[in-house]
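[1] Got a predicted model here, sequence first, then my questions.
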Amino acid sequence: MTKFVFVTGGVVSSLGKGIAAASLAAILESRGLKVTLIKLDPYLNVDPGTMSPFQHGEVFVTDDGAETDLDLGHYERFITTRMKRSNNFTTGQIYKSVLEKERRGDYLGKTVQVIPHVTNEIQEFVLRGANAAPVDVAIVEIGGTAGDIESLPFLEAVRQMSLKLGPANSAFVHLTYVPFIKAAGELKTKPTQHTVQKLREIGIQPDVLLCRADRMIPDEERNKISLFTNVPVHGVISMPDVDTIYKVPRLLHEQGLDELICMKLQQLTRPADLKRWDNLVHEIEHPQATVRIAMCGKYTDLSDSYKSLNEALRHAGIHNHARVEIEYVDAETLTEATASVLAPFDAILVPGGFGKRGIEGKIVAAQYAREHGVPYLGICLGMQVATIEYARHVAGLEGANSTEFDADCKHPVIALIEEWQDRDGSIQKRSASSDLGGTMRLGAQSSDVAGGTLAHEIYGPVVTERHRHRYEANVNYLEQLQQAGLVISALTQREKLTEIVELPRDKHPWFIGVQFHPEFKSTPWGGHPLFTSYVKAALEHKASRGRSPVSPVSPVKVVA
């Protein structure tokens, strides 16, 4: 029988429930248990696919093509179980399913209500996610904070589940915040007392409190929290700020979290083995070199917009014994006149994205990398802007663009499949009423890789990666681009969709654009061959030229 751990949050959002849940899963996995994680999101969107990265962070994509919360990326980076569509669901999906059942008459004329119909549906979705593959423990993370109206049906549903499962088959872990008031010089426990009170009002008594703070919680405050929340002192666990998320499993283990959960769930396991986590942290803290990478994008204010990408670069640094410093360069400010801002960097990266804003700056970044021999990695949109740049400045296709940015461009080298030119030269336009949530190429797909290419050195004969995009390289321009020297190193066999483009090795040391999102499959243990090769090329480029003077322009900097 699968056991359940329900992870809730209180006081404020963004405390790190996803990291906490993933870290607990990692420790339990190190004890020999098979674990999965499920994320419940209380918003009414069916999925985060149409939500702005500014507001919600990146959209993580699973192998089966689900657009999910970014926490699923943390899950896959911390444990071996791969996430699926059933590992993440929203209030929107729950209500959609309930309303479809009501229209079919499944409720036999009954009045459809939050209790029991919505809460029963939530429980069915949780069980479906837990039973997707045989596991010993399913950790269920509930988004939002205790007291939010939108979270109440989820909290009520898991309360009912715990009652049905019995005390030995479920546990509650509550993440809370203990602020330090600088003027008073004190940690304040009152917010934690209040958030636990909210949970207890609806019938949930936490077994464990994970107390987020900027420091370890002293015993005096832990005793006070225990007294006012009815949680044993050994269940009041500190989660202080750390300089790398990969320290969290060891931190929680040393305070006995995994032992407490195993005792509550009556699981007899071997001792936790966190040696690989210790080795990982040692590698992070003792790099042998440093590289600077310019990430030219438009989401320069929030690192969550490129969470998986940042982590993939960090993993690649680990596998090259190097520290990777990412500096965000606002693509909207990048022009041919300001391109010199890229001179000090060891490599250039253009990430994925949607919309016209910042596109010309990204094209400038690709051009600078091509002309100056700087290692370049273009991901999804980054591949498309590299193709546009090559078409304009090398293939002689003046006015080349994507129909996403200019529907009437002279040479639509990037376009929707249904917009590709037919035999008489006209372009078939997409209907303006198209559903943005249903027009994507999503999930894992495979294609052959041409021999003798850089891509073949990295991937071998076949590449299988996850996709999330609408626009493709127009097949009608591929021959012209190839004749101009662009290498199409991976192409799907049936639709002839471009997966990888690159420059010949005798023309450029390392220049690749990929239509997919390789960052979604990177882990700290295995890294990812594409990113590992990219960071290695950045190290070689740095060694070949020495350090350039620091540019007077200061882009926003986030160290990965």
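    Sure, I can see it.

[2] shouldn't Gly373 be in contact with His508?
    Yes: between Gly373 and His508 there is a contact at 6.1 Å, judged by C-beta atoms under 8 Å. C-beta coordinates here come from the backbone N, C-alpha and C atoms, glycine included.

[3] if you count what's nearby, which of those two comes out ahead?
    Counted by other C-beta atoms under 10 Å, Gly373 and His508 do not tie: His508 has more neighbours, with 19 against 16.

[4] Work out for me the element that one sits within.
    Using DSSP states H and E, His508 sits in no helix or strand.

[5] Please look at it and Arg370 and confirm they touch.
    Yes: with contact defined as C-beta under 8 Å, His508 reaches Arg370; the gap is 6.5 Å.

[6] and for those two, which residues touch both?
    Tyr376 (C-beta atoms under 8 Å, 6 or more residues apart in numbering).

[7] What sits closest to Cys125 if chain neighbours are left out?
    Wrong residue type there; residue 125 is Phe, not Cys. Phe89 (5.0 Å; C-beta to C-beta, 6 or more residues apart in numbering).

[8] Can you tell me how far the nearest residue to Ile19 once chain neighbours are set aside is from Ala444?
    Leaving out its chain neighbours, the residue that sits closest to Ile19 by C-beta to C-beta, 6+ apart is Ile245, at 5.3 Å. Separation of Ile245 from Ala444 (C-beta to C-beta, to the nearest Å): 25 Å.

[9] how about the helices of the stretch 201-350 of the chain, start to end?
    For the stretch 201-350 of the chain, the helices defined by DSSP state H, counting those that start in this stretch cover 219-229, 248-254, 257-264, 275-285, 307-319.

[10] Redo those as JSON lines? Include distance to Asn474.
    Shown next, in JSON lines, are those (distance: least, C-beta to C-beta, whole Å):
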{"stretch": "helix 219-229", "distance to Asn474": "61"}
{"stretch": "helix 248-254", "distance to Asn474": "46"}
{"stretch": "helix 257-264", "distance to Asn474": "53"}
{"stretch": "helix 275-285", "distance to Asn474": "43"}
{"stretch": "helix 307-319", "distance to Asn474": "26"}
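
[11] between those helices, which one is nearest to Met440?
    Each of these has some distance to Met440 by C-beta to C-beta; the shortest is helix 307-319, at 17.0 Å.

[12] The closest one versus helix 275-285: what angle between them?
    90 degrees (axes from the mean of the first three to the mean of the last three C-alpha atoms, to 10 degrees).

[13] CA atoms only: put helix 307-319 into PDB for me.
    Output of helix 307-319 as PDB, limited to C-alpha atoms (Å, rounded to 0.1, in the frame of the first residue of the first chain):
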ATOM      1  CA  LYS A 307      15.000  27.800 -13.500                       C
ATOM      2  CA  SER A 308      15.800  24.600 -15.400                       C
ATOM      3  CA  LEU A 309      18.300  26.300 -17.700                       C
ATOM      4  CA  ASN A 310      20.200  27.800 -14.700                       C
ATOM      5  CA  GLU A 311      20.300  24.400 -13.100                       C
ATOM      6  CA  ALA A 312      21.500  22.700 -16.300                       C
ATOM      7  CA  LEU A 313      24.300  25.200 -16.700                       C
ATOM      8  CA  ARG A 314      25.200  24.600 -13.000                       C
ATOM      9  CA  HIS A 315      25.200  20.800 -13.600                       C
ATOM     10  CA  ALA A 316      27.500  21.300 -16.600                       C
ATOM     11  CA  GLY A 317      29.800  23.400 -14.600                       C
ATOM     12  CA  ILE A 318      30.000  20.600 -12.000                       C
ATOM     13  CA  HIS A 319      30.900  18.100 -14.600                       C
END
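
[14] what does that helix rub up against?
    Residues contacting helix 307-319 (C-beta under 8 Å, 6+ apart): 57-58, 60, 70, 73, 77, 280, 283-284, 287, 291, 293, 295, 303, 323-324, 326, 349, 351, 379, 517-520, 522-524, 527-528, 531-532, 534-535, 558, 560.

[15] Kind regards, and thank you for your time.
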